[in-house]
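Asks: Any chance you could fold what I've pasted below:
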Amino acid sequence: MTRPITILLTFLSLNVFGQDNPTEQAQPIVAEGKRLYKSEMASWHGTDLFLENYKDRTNVGGYFSYPENDITKCVFFSKADKPKVIGTISFDSTYNTKTATTDLNERDFTSNENNLYAIRKIALATINSDALFKTYKNTNLNLIPLINNNEKKVYILTGPKQNGVVIFGNDYLLTFDKNNNLISKKRLHRNIIPINYGGKEEEGKEIEGTIHSHLPGTGDFITATDICTLMLYEKFAKWKQHNVVSRKYLNIWNCLTDQLTVIPMSTIDKIKKDQEKRNK
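Replies: Numbers count the residues shown, from 1 in each chain. You can find the predicted model right below:
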């Protein structure tokens, strides 16, 4: 992104106020995206630590992660009709593997863990039986069960098997009632959007930002899955900014501060017209 555009966006971000401030409207999405990120970070690092210490790979049925106060736990369960927890990896907010705790004592699920396991199990069965869900070469579908404020959901993200690629899209949301019954399923993005990073750029040039667009069916705001993906990969990609363009808004994600600014496209159009008049 060129410097003049960056300056323009900075100016706009400081001048979008009012009761219908879209940046404020999008904050619940930001919070949801950060919850997904915390879960995935615990799963990423927890898997490595667990497999280093647990030798009976044939007994592993799966895993999921969840927050508990200031700790995020990654729980592994056995491959059985009535599984038990066989490993618990706990992280503080740094996700530092050197300070994480590993507990390989077998135990029963807690009530919360039992619900997370139940909705994850239903989500996995749904993926395997429903044509709504698509898979692509060199990718995995990652399940993220989430229970927050009595809302039960499973997000499904597409993750790359190859280094140097960030994948947006091909993501889904399943929602459940209080009894863990599936009540809705939705495809969030209508397509898959891979963006390469880490390649050889032209000498002297640096990629400061990237962009993708949303069709009306995805919505006008950045998605929680977009935010989760950005937070997982932005440091590897060394991006400073990622924009999501919809019919109504320009969503600007700051990869350095993990903050979102949302600007109406009508505001941008007015400023462009004003600049055109000044340049005549």
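Asks: Please name the residues that touch the most centrally placed residue in the chain.
Replies: Centroid-nearest residue in the chain: residue 228, 2.2 Å away (criterion: C-alpha atoms, centre = their mean). Contacts for residue 228 (C-beta atoms under 8 Å, 6 or more residues apart in numbering) come out as 33, 34, 36, 37, 40, 144, 155, 157. For every residue, glycine as well, the C-beta is placed using N, CA and C.
Asks: Name the nearest of those residues relative to residue 185.
Replies: Lowest distance from residue 185 to the contacts of residue 228 (C-beta to C-beta) belongs to residue 155, with 11.4 Å.
Asks: from the contacts of residue 228, which two are the most distant?
Replies: 34 and 157 (14.4 Å).
Asks: who's more crowded, the two?
Replies: residue 157 (24 against 15; other C-beta atoms under 10 Å).
Asks: State the pLDDT value of the more buried one.
Replies: Note on residue 157: pLDDT of 98.
Asks: Remind me what the host helix or strand of it packs against, helices and strands.
Replies: Assessed by DSSP states H and E, residue 157 sits inside strand 151-160. The elements that strand 151-160 packs onto, with contact taken as 3 or more C-beta pairs under 8 Å, 6 or more residues apart in numbering; DSSP states H and E, are helix 27-53, helix 111-129, strand 139-148, strand 165-169, strand 172-176, helix 224-237.
Asks: would you list the ones you listed in CSV and tack on mean pLDDT and distance to residue 214?
Replies: CSV is the format used below for the helices and strands packed on strand 151-160 (pLDDT from 0 to 100; distance: least, C-beta to C-beta, whole Å):
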stretch, mean pLDDT, distance to residue 214
helix 27-53, 97, 12
helix 111-129, 98, 23
strand 139-148, 97, 20
strand 165-169, 97, 10
strand 172-176, 98, 15
helix 224-237, 97, 9
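Asks: okay, those in TSV with distance to residue 78 next?
Replies: Output for these, formatted as TSV (distance: least, C-beta to C-beta, whole Å):
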stretch	distance to residue 78
helix 27-53	13
helix 111-129	11
strand 139-148	18
strand 165-169	31
strand 172-176	23
helix 224-237	28
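Asks: Which of the ones you listed sits closest to residue 190?
Replies: strand 165-169 (7.6 Å).
Asks: Tell me which strands the closest one pairs with, and in which orientation.
Replies: strand 192-196 (antiparallel) (DSSP bridges).
Asks: Can you point out the buried residues in the partner strand?
Replies: 193, 194, 195 (16 or more other C-beta atoms under 10 Å).
Asks: next structured bit after it?
Replies: Remark: after strand 192-196, the chain's next helix or strand is strand 209-213, criterion DSSP H and E.
Asks: what's the spacing between that next one and its chain's center?
Replies: 16 Å (C-alpha atoms, centre = their mean, to the nearest Å).
Asks: That strand: partners in the sheet, and parallel or antiparallel?
Replies: By DSSP bridges, strand 209-213 pairs with strand 241-245 (parallel).
Asks: which outside residues touch the strand it pairs with?
Replies: With C-beta under 8 Å, 6+ apart, strand 241-245 has contacts from 1, 6, 208-214, 221-222, 226, 230, 234, 250-255.
Asks: May I see the PyMOL selection of the buried members of the contacts of residue 228?
Replies: A single PyMOL command selects the buried members of these (16+ other C-beta under 10 Å):
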select buried, resi 33+36+37+40+144+155+157
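Asks: In TSV, list the contacts of residue 228 along with distance to residue 66.
Replies: Shown next, in TSV, are the contacts of residue 228 (distance: C-beta to C-beta, whole Å):
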residue	distance to residue 66
33	16
34	14
36	11
37	13
40	12
144	10
155	13
157	16
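Asks: Any stretches of the stretch 151-280 of the chain with poor pLDDT?
Replies: 199-206, 280 (pLDDT under 70).
Asks: need the contact list for the nearest residue to the residue nearest to the centre of the chain once chain neighbours are set aside.
Replies: Once flanking residues are discounted, residue 228 sits nearest to residue 36: 3.8 Å by C-beta to C-beta, 6 or more residues apart in numbering. Contact partners of residue 36, counting by C-beta under 8 Å, 6+ apart, are 144, 146, 155, 157, 224, 225, 227, 228.
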